[in-house]
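Undergrad: generate a structure from the sequence data that follows.
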Amino acid sequence: MTEKEKSHAGMLYQPGDPELAADRDETVKKLYDYNHIHPLNREERQAAIGELLGGTGKNCVVEQPLFCTYGYNTTVGDNFFLNVNCKLMDSGKINIGDNVFIAPNVCIITEEHAMDTAQRIQGLEYTHPVTIGDNVWICAGVIVLPGVTIGANSVIGAGSVVTKDIPPDSLAVGNPCKVIRKVNENERLEK
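TA: Numbering: from 1, shown residues only. From the prediction side, this is the model:
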């Protein structure tokens, strides 16, 4: 079993493996190119993000700058918007649904270092996939930790640290992030 296969299986693996190191180097090149495309050259940006991420739906907008570990481990659905300065730490899989809006400075993490000191010193780690359902809004400065699922139609409040799964139709905030109430599908801002 390769180190990449181990990482996708949730097993302890060595990210310093030459194949994975080469993949990260390739991603660094693609990110450099993407982050230096003129922001108004939308067609070139769209093509480049399609080459960088593992899968993109229709109407995918990813603002610059972006950071990701591999890119190919992240898939996003239709009508996806990722704002500036976001980090997709995608050594493991990140699966994002349709109509998802992610605000500036959000970090989605799939990597977890080994708790055992000797293993950690060797650089060994685990990955745990992150899943974000359809119609989710993740507000500014949120950190989503490894293994989390955020259910469809949920809103995660600014600055939250999401350590556990969030059920669908939830408004969740805080550190650690907790559900404070259900989202009412009829909620509207009154003018």
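Undergrad: so what's residue 126 bridging to?
TA: Residue 126 has these beta-bridge partners by DSSP bridges: residue 112.
Undergrad: and for it, the neighbour number?
TA: Using other CB atoms under 10 Å, residue 126 is surrounded by 22 other residues. (C-beta placed from N, C-alpha, C; glycine too.)
Undergrad: pLDDT weak spots in this protein?
TA: Residues of the chain meeting the criterion pLDDT under 70: 185, 187-191.
Undergrad: can you show me the helices along it?
TA: Taking DSSP state H as the criterion, the chain carries its helices at 3-8, 18-35, 42-52, 117-121.
Undergrad: hmm, who's touching the longest one?
TA: The reference is to helix 18-35. Applying CB atoms under 8 Å, 6 or more residues apart in numbering, the external contacts of helix 18-35 come out as 2-4, 7, 14-15, 45, 48-49, 51-52, 64-72.
Undergrad: now it against helix 42-52, angle please.
TA: 170 degrees (axes from the mean of the first three to the mean of the last three CA atoms, to 10 degrees).
Undergrad: related to what we said a few turns ago, buried ones from the contacts of helix 18-35, can you make that a ChimeraX selection?
TA: In ChimeraX, this line selects whichever of those come out buried by 16 or more other CB atoms under 10 Å:
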select :3,4,7,15,45,48,49,52,64,66,68,69,70,71,72
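Undergrad: most tightly packed of the helices of the chain?
TA: Counting by mean count of other CB atoms under 10 Å, helix 3-8 has the highest mean neighbour count of the helices of the chain, with a mean of 18.
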